[in-house]
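> A structural model of the following input is requested.
(one chain, ligands or ions: 1)
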Amino acid sequence: MTTTASLPLRCWAEIDLAALERNLKLIRASLPPHIRYVAVVKADAYGHGLPHTAARLMHAGADLFAVANLAEAMTIRELSADWPILLLGATLPEEARYLAEYDLAATVSDLPEVARLNAIGQTAGKPIAVHLKIDTGMGRLGVWHEQAQALYAAIRAAPGLQLTGVFTHFASADDNPEFTALQRRLFLAALQSFPDLDPASLFLHADNSAGLETTPGEGSLFNAVRVGLLQFGVLPHPHSLLARVHTEPVFSFHTRVGLVKSLPRGTSISYGRTYQLRTDARVAVLTAGYADGLARACSNRGAVLIRGQRCPILGRVCMDQSIVDLTTVTDEIVSGEPVVLVGKQGAAEIALGEFSAWAGTIPWETLTSVTKRVTRIYKTPLGV
Ligand SMILES: Cc1ncc(COP(=O)(O)O)c(C=O)c1O
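Just a heads-up that it's a prediction; the model follows:
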């Protein structure tokens, strides 16, 4: 019997696992050798697919995985019984018992969490690993830096807990170096106030991708980085100093031409009639829409690549289809023609950053908005 997996593809993402591995190695090589690599793979590894991505990052030598929630952690546990995993999100009271069962490290921000997790660790007869999070200006998780010493003392006094890391998160590493520097100072000051801190036994981390631009070198207390976007070959902002690291895009986004047709001047295109043809035109109806992750905000703004040429999106992107102008493409195009939404085709490229700007969003959101309907094709599995 035919399965849906064997059907021809209408909209798909290609995930280049060899590029992912090269990216991790390049990022590592750009950092001092003692810095450990925390791979941030939350949200299905930024939409790349968690099992394949985590397996390849294990092969590439990631030291620790950071995920948002238990379900993601359990997916990694299926790949490895003992690879260290940190839950970045708050642990709900009824989730806490799974920390012991799946050997996961939790993020702790306050005394009630310390008490709850301590009780779980004591019942399990094995301490729960925790990373103490310090809020230095993000205003999200973490104990406010002025109260961090008291929380540190409570963790150290809890027999059911083992402190395995301390971290903070930057609010504006991509556009505010002064505030980032202040956050670093507040974090280091908090660490220095902790009695009996043993940096060698702890992950001490702050840097997300943008933070890497200003990671301190040898001699700093920081000994780990937490990398998400950059390992997927996407810069956190267009003028990033990280461009010198030369990571390669891991993700590309593809669809096909469903129908080619000619329409007379003056015809309005798609819902709401937001575009009228100024000349007689040849258009292609593509087999992807906003239900795949081609944002509706790209209506009348974005473009796609067909035969290496940019074809503007005409009118509104629909749920499952979109319409592009083929007028400048001189080759004959017929149903089935491959179309690139994000990525390279010949010498032409639509970068994820450009696509995200058309959609009025950021690459993080674009990647995590590619929907379940879109098949992920894994290129270059191990050994290639
Ligand atoms: C706590 C935390 N650390 C690290 C990251 C990774 O950030 P980036 O993808 O910018 O590298 C994120 C991403 O949102 C995060 O929430």
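
> okay, CA-based contacts and neighbour counts for the rest of this
Fine.

> So which bits of the stretch 151-300 of the chain are right by the ligand?
Listed as neighbours of the ligand in the stretch 151-300 of the chain under the rule Cα under 6 Å from any ligand atom: 169, 208-210, 226-230.

> could I get these as JSON lines with pLDDT and neighbour count?
As requested, these are exported to JSON lines (pLDDT from 0 to 100; neighbours: other Cα atoms under 10 Å):
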{"residue": "His169", "pLDDT": "98", "neighbour count": "26"}
{"residue": "Asn208", "pLDDT": "97", "neighbour count": "25"}
{"residue": "Ser209", "pLDDT": "96", "neighbour count": "24"}
{"residue": "Ala210", "pLDDT": "95", "neighbour count": "25"}
{"residue": "Arg226", "pLDDT": "98", "neighbour count": "23"}
{"residue": "Val227", "pLDDT": "98", "neighbour count": "24"}
{"residue": "Gly228", "pLDDT": "98", "neighbour count": "22"}
{"residue": "Leu229", "pLDDT": "98", "neighbour count": "21"}
{"residue": "Leu230", "pLDDT": "97", "neighbour count": "25"}
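
> just those now: which is nearest Asp280?
Nearest to Asp280 among those, counting by Cα to Cα, is Leu229 at 42.7 Å.

> Skipping adjacent residues, who's closest to that closest one in space?
Ser209 (6.3 Å; Cα to Cα, 6 or more residues apart in numbering).

> before we move on, back to that, looking at the residues of the stretch 151-300 of the chain next to the ligand, which is nearest Asp325?
Leu229 (32.1 Å).

> wait, what's in contact with the closest one?
46, 209, 235-236, 364 (Cα atoms under 8 Å, 6 or more residues apart in numbering).

> picking up where we left off before, in CSV, list the residues of the stretch 151-300 of the chain next to the ligand along with distance to Val250 and secondary structure.
What follows is those, written out as CSV (distance: Cα to Cα, whole Å; DSSP: H, G, I helix; E, B strand; the rest coil):
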residue, distance to Val250, secondary structure
His169, 25, coil
Asn208, 18, coil
Ser209, 15, coil
Ala210, 18, helix
Arg226, 18, strand
Val227, 14, strand
Gly228, 12, coil
Leu229, 10, helix
Leu230, 10, helix
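
> Please point out which parts of the lengthiest helix in the chain sit buried.
Longest helix in the chain, counting residues (DSSP state H): helix 177-192. Neighbour counts using 16 or more other Cα atoms under 10 Å place 179-181, 183-184, 186-188, 190-191 of helix 177-192 among the buried residues.

> thinking Ala13 is in contact with Val250, fair?
No: in this structure, Ala13 is not within contact of Val250 by Cα atoms under 8 Å, at 9.9 Å.

> for the residue nearest the centre of the chain, what are its contacts?
The chain has Tyr46 as the residue nearest its centroid, 3.3 Å off, counting by Cα atoms, centre = their mean. Counting by Cα under 8 Å, 6+ apart, Tyr46 touches 228-229, 364, 367-368.

> Tell me which stretches of the stretch 151-300 of the chain form strands.
Per DSSP state E, counting those that start in this stretch, the stretch 151-300 of the chain carries strands over the ranges 161-167, 203-205, 224-227, 251-263, 268-269, 275-276, 281-286.
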